[in-house]
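**Q** Have a look at this fold, sequence not included:
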């Protein structure tokens, strides 16, 4: 691999000559700008605004624009003469646990290669010291005209350096978190934990860029003149209400099925449904009515079954009970008639006609 920077690691009084090599590469597909009318390539030319002439790269330098618009030329020699100890040196300033480095600070990654045979011994010493201490080295270095912050760690048998943003380059989180107060129930957290456990770990080497593959397929189809069928898009409408518990349970079930495991079906487990707000109100009332009707029907069936269950009492006892019930009914009927007659008398001041007829019949007899 081609080195992009040559210098040394300053480790106390130890100096380790190294070469800096890019540790990452981009596989993104690049597009060119074209003229839609004729397909001609659109190019950018560097033109001097004073004489309106195109300028070659060798004739282009750097300058700082002052507040009044004045250009102050800055040459590479000017930058090289700065009293900067890290101009050609990666200066280690501390060794700290890796947990003290905020991942938000991480930037580009590089491999540090020992530059020459004499550098092998101190290079290996620093690598093994980092391994045994289980720490990372925080360092300063200069690259592309500015001083930077870096973190050195061991990857396999190589010392890698991650460029770090300066702490004041990390924005605060003000106004990013949800403003509304949200309460998360323990049941929801338990389901989230179950989903995390079901998804488990992943082999990072198996992950790939699906979008890039789709773009490559599109380009190949266009180049061969074939028509590419568009993929079906998921339609997600607004104003929907999602049952979070049911969605989590379904996610756990789907994750287990994807891994070839048998999902555990909980009794009466809800199924996640997405319904509109208006539809939810209507269906809620209808569901309540259906539930009440179902409960009433079930109660009626139980009562009917209880009445039609044959008794185990002997025949004589059943007859005696029937006679007792008949006598009780007659007594109750007489009592009710007498009560009704008394009520009518007190209301009208006259005796009931039925009672007079009964007295005449007794007299004639």
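**A** The structure has been received and is ready for your questions. Since we're looking at a predicted model, the values are computed, not measured.

**Q** For residue 216, which residues are in contact?
**A** Residue 216 makes contact with residue 29, according to C-beta atoms under 8 Å, 6 or more residues apart in numbering. Using the backbone N, CA and C atoms, a C-beta is placed for each residue, glycine as well.

**Q** tell me the SS of it?
**A** With DSSP: H, G, I helix; E, B strand; the rest coil as the basis, residue 216 sits in helix.

**Q** Going forward, count from 17.
**A** In the new count, where the first residue is 17, that last one comes out as residue 232.

**Q** Just the pLDDT for it.
**A** pLDDT, residue 232: 87.

**Q** how close does it sit to residue 50?
**A** According to C-beta to C-beta, to the nearest Å, residue 232 stands 19 Å off from residue 50.

**Q** Same question for residue 132.
**A** Separation of residue 132 from residue 50 (C-beta to C-beta): 48 Å.

**Q** and if you look at residue 206?
**A** 55 Å.

**Q** same check, this time on residue 63
**A** Going from residue 63 to residue 50 by C-beta to C-beta gives 21 Å.

**Q** Residue 268 too?
**A** Taking C-beta to C-beta, one finds residue 268 at 49 Å from residue 50.

**Q** Mind checking which of the two has more residues around it?
**A** It is residue 268, of residue 268 and residue 50, that has more neighbours when counted by other C-beta atoms under 10 Å, with 20 against 11.

**Q** So which other helices or strands are in contact with the helix or strand encompassing that one?
**A** Using DSSP states H and E, residue 268 falls within helix 260-274. Judged by 3 or more C-beta pairs under 8 Å, 6 or more residues apart in numbering; DSSP states H and E, helix 260-274 is in contact with helix 202-215.

**Q** The helix it packs on packs against which elements?
**A** Judged by 3+ C-beta pairs under 8 Å, 6+ apart, helix 202-215 is in contact with helix 260-274.

**Q** ok, and for the helix it packs on, which residues are buried?
**A** If you call a residue buried by 16 or more other C-beta atoms under 10 Å, then helix 260-274 has these buried ones: 263, 264, 265, 266, 267, 268, 269, 271, 272.

**Q** Would you confirm that the third one contacts residue 204?
**A** No - here residue 265 does not reach residue 204: they are 10.5 Å apart, not a contact under C-beta atoms under 8 Å.

**Q** quick one: low-confidence ranges for the stretch 17-166 of the chain?
**A** Across the stretch 17-166 of the chain, the ranges flagged by pLDDT under 70 are 101-102.

**Q** so what's residue 76 up against?
**A** residue 62.

**Q** Now it: phi and psi?
**A** Main-chain dihedrals, residue 76, degrees, to the nearest 10: phi -100, psi 130.

**Q** Give me the average confidence score over the helix holding residue 268.
**A** Helix 260-274 comes out at a mean pLDDT of 78.

**Q** Quick one: work out the angle between it and helix 202-215.
**A** Angle, helix 260-274 to helix 202-215, by axes from the mean of the first three to the mean of the last three C-alpha atoms, to 10 degrees: 20 degrees.

**Q** all strands for the stretch 17-166 of the chain, in order.
**A** 19-27, 30-38, 78-81, 87-90, 105-112, 122-130, 152-159, 162-171 (DSSP state E, counting those that start in this stretch).

**Q** Might you list the low-confidence residue ranges for the stretch 217-366 of the chain?
**A** Across the stretch 217-366 of the chain, the ranges flagged by pLDDT under 70 are 247-258, 278-366.

**Q** hmm, 50 instead?
**A** The model of the stretch 217-366 of the chain has pLDDT under 50 over residues 252-255, 257, 282-309, 312-313, 316, 318-349, 352-353, 356, 359-366.

**Q** Alright, that wraps it up for me.
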